[in-house]
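>>> Quick one, fold the following:
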Amino acid sequence: MSKAKIVLACREICVTFSEPGLSVDVLQKINLSVRSGESVAVVGASGSGKSTLLHTLGGLMEPASGEVVLSGQTLKGLTPAQSGDLRNRHLGFVYQFHHLLPEFSALENVAMPLLIRGESPASSKAQAENILERVELSHRLNHKPSELSGGERQRAAVARALVTRPDCILADEPTGNLDQKTAAQVQELLLDLMEAEKLALIVATHDLQFARSLAVQYELQDGNLRQLFVRA
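Numbers count the residues shown, from 1 in each chain. Purely as a prediction, here's the structure:
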């Protein structure tokens, strides 16, 4: 693993939330490097800043100081369009709530990142069909999110994150809204696809069993990130 390339890193990032009369240091000089094929769990209490960390790593939130480097490119100083293009090419996102667009079918939702990238409708559809088959949703291509079960919606969200063949998946409580059995299925799917595609995976989770199944586990507490273990 040590020879694998670093696909996502942050250096001394700080994030502060401020409002009149109150200032909270959510992240304090966080350093993290994740290599291709590496799986990382971030645990911590509710409100500890796990989502803030993932949003900052994904370029969805700008840190007060420090920098994020994605596939060798610093996010600092990029325009919103440049940052969005970099995210589209190198990152996939999975959230606790699937965030599928309700008016579109599963196929259309999964094809959307490719269409945004500028690929042809035919190519986007073909790639979306392929990845939906891999997550066992080939029988649900034309179903809208309201017609899918919770587990099916989350599998479609995983397919959408993977369809661009990113370097890294950022997953924020990806199974937090699912029952135990369905959560285990989605966790297994994420790990299987990560291994097959040699992706990096960073998961923010309250599920300690899931966290222990990943290669490296960190805890976020009082704005600081500390390593709990590395699997031998």
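>>> May I see the buried residues of the worst-scoring helix or strand of the chain on mean pLDDT?
Using mean pLDDT, DSSP states H and E, the weakest-scoring helix or strand in the chain turns out to be helix 180-197, at a mean of 81. Residues of helix 180-197 classed as buried by neighbour count (16 or more other Cβ atoms under 10 Å): 182-183, 185-187, 189-191, 193-194, 197. Glycine gets a C-beta too; all of them are placed from N, C-alpha and C.
>>> For residue 123, see how far away the residue most central in space within the chain is.
In the chain, the centroid-proximal residue (Cα atoms, centre = their mean) is residue 170; its distance is 1.6 Å. According to Cβ to Cβ, to the nearest Å, residue 170 stands 25 Å off from residue 123.
>>> How about residue 202?
The gap separating residue 202 from residue 123 is 29 Å, by Cβ to Cβ.
>>> who touches the least confident helix or strand of the chain?
With contact meaning Cβ atoms under 8 Å, 6 or more residues apart in numbering, helix 180-197 is reached by 37, 39, 94, 134-135, 149-151, 154-155, 158, 162, 165, 169, 171, 174-175, 178, 199-201, 203, 207, 210, 213.
>>> how about 7 Å then?
When contacts are defined by Cβ atoms under 7 Å, 6 or more residues apart in numbering, helix 180-197 is touched by residues 39, 135, 150-151, 154-155, 158, 162, 169, 171, 174-175, 178, 201, 210, 213.
>>> Beyond it, next helix or strand please.
Remark: after helix 180-197, the chain's next helix or strand is strand 200-204, criterion DSSP states H and E.
>>> Run me through the strand neighbours of that following strand, direction for each.
strand 39-43 (parallel), strand 168-172 (parallel) (DSSP bridges).
>>> now it against helix 180-197, angle please.
150 degrees (axes from the mean of the first three to the mean of the last three Cα atoms, to 10 degrees).
>>> What ranges does the chain have for its strands?
Taking DSSP state E, the strands of the chain run over residues 6-19, 22-35, 39-43, 65-70, 73-74, 91-95, 168-172, 200-204, 216-221, 224-230.
>>> JSON lines please, covering those strands and showing mean pLDDT.
JSON lines is the format used below for the strands of the chain (pLDDT from 0 to 100):
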{"stretch": "strand 6-19", "mean pLDDT": "87"}
{"stretch": "strand 22-35", "mean pLDDT": "86"}
{"stretch": "strand 39-43", "mean pLDDT": "91"}
{"stretch": "strand 65-70", "mean pLDDT": "90"}
{"stretch": "strand 73-74", "mean pLDDT": "88"}
{"stretch": "strand 91-95", "mean pLDDT": "84"}
{"stretch": "strand 168-172", "mean pLDDT": "90"}
{"stretch": "strand 200-204", "mean pLDDT": "90"}
{"stretch": "strand 216-221", "mean pLDDT": "90"}
{"stretch": "strand 224-230", "mean pLDDT": "83"}
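>>> so which of those gets nearest residue 139?
strand 91-95 (21.5 Å; Cβ to Cβ).
>>> Check which helices and strands the closest one is in contact with.
In terms of contacts (3 or more Cβ pairs under 7 Å, 6 or more residues apart in numbering; DSSP states H and E), strand 91-95 is packed against helix 150-162, strand 168-172.
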